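**Student:** Next come a sequence and a model predicted from it.
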Amino acid sequence: MIESFAGFFQDGGPFMVVIAVVLLIGLIVSVERWLYLTAQKHVNRRDFRKLHEMLHRKDLKGALNYARDSGSAMATMIGAGLLRMARKQPREDIEYAMEEGLLEVMPRLEKRTQYLATLANVATLLGLLGTIFGLIDAFTALGGDEAAGNRQAMLSSSISLAMSTTAFGLIAAIPLLLIHAVLQTKTNEIVDSFEMAGIKVLNLISDATPATATASAPRSPQPTAAAGPRPN
């Protein structure tokens, strides 16, 4: 198998090396993103449990300190809302602050994932480019003045170059596209967990905050009967 792959790689010429470099970069990005997202999922779940317990105990100061020291995406988003809560701001402002915190951490989650789709397209295009160069060499060999034996060897080498680069480009592109889809799904799951955590925190804050009593309208004074003249 190793000898067959070595021959297949050699038939493709220099384009195979470039496609292999693209595939290697894509695999490195894939492993890094998978490890990062897996760690973030674990850390975010842990921080949400900690902050939820503190808020349930009405330990706002401890929750603020924990969110500031943790630095995770979940703690950053919830901490932005808790800071507004500490300033006695209404629920709408707390919700806006948490949405702003979510927008702040989302680029960290989606970072470099889109590179995989780009690298897959580049690998495919490099394979097609190698195919075009192989076909050019094949037609050149057909129109040349070389002997029949040399012409057949050049034609075989050119077709082998064309087919090998196309095949290797697809071999590199298909896994990268599949990994991109998996990582995108994993990122969307984390973002959805942020939205669910934000709703739970807002509901907990609303339950902990006493409802503001509405001021009742002042009653109009009751009309008193006019005092008539006293009888003598």
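**Tutor:** Structure's in. What do you need?

**Student:** Going by C-alpha atoms from here, please, whenever you check contacts or count neighbours.
**Tutor:** Will do.

**Student:** Burial check on residue 71, number of neighbours?
**Tutor:** By the measure other CA atoms under 10 Å, the count of residues near residue 71 is 13.

**Student:** just residue 127 next, same as before
**Tutor:** Residues near residue 127, counting by other CA under 10 Å, number 29.

**Student:** Residue 181 too?
**Tutor:** Neighbour number of residue 181 under other CA under 10 Å is 16.

**Student:** which element is it on?
**Tutor:** helix 148-208 (DSSP states H and E).

**Student:** and that helix, what's its mean pLDDT?
**Tutor:** Mean pLDDT, computed over helix 148-208, is 82.

**Student:** now stretch 49-62
**Tutor:** pLDDT averaged over stretch 49-62 gives 84.

**Student:** Please state the offset of that stretch from the chain centre?
**Tutor:** Averaged C-alpha coordinates place stretch 49-62 at 28 Å from its chain's average position (CA atoms, centre = their mean, to the nearest Å).

**Student:** now swap in stretch 89-98 and tell me
**Tutor:** Here stretch 89-98 shows a centroid-to-chain-centroid distance of 25 Å under the convention CA atoms, centre = their mean.

**Student:** Tell me which residues of that stretch come out buried.
**Tutor:** 91, 94-95, 97-98 (16 or more other CA atoms under 10 Å).

**Student:** Kindly report the same for stretch 30-50.
**Tutor:** 30, 33-34, 37, 40-41, 43-45, 47-48, 50.

**Student:** Do a quick rundown of the helices in this structure.
**Tutor:** For the chain, applying DSSP state H gives helices covering 2-11, 14-56, 60-70, 73-86, 91-110, 114-143, 148-208.

**Student:** Most tightly packed of those helices?
**Tutor:** helix 73-86 (a mean of 24; mean count of other CA atoms under 10 Å).

**Student:** Residue 136 versus residue 157, what's the distance?
**Tutor:** 12 Å (CA to CA, to the nearest Å).

**Student:** That's all I had, so thanks and see you.
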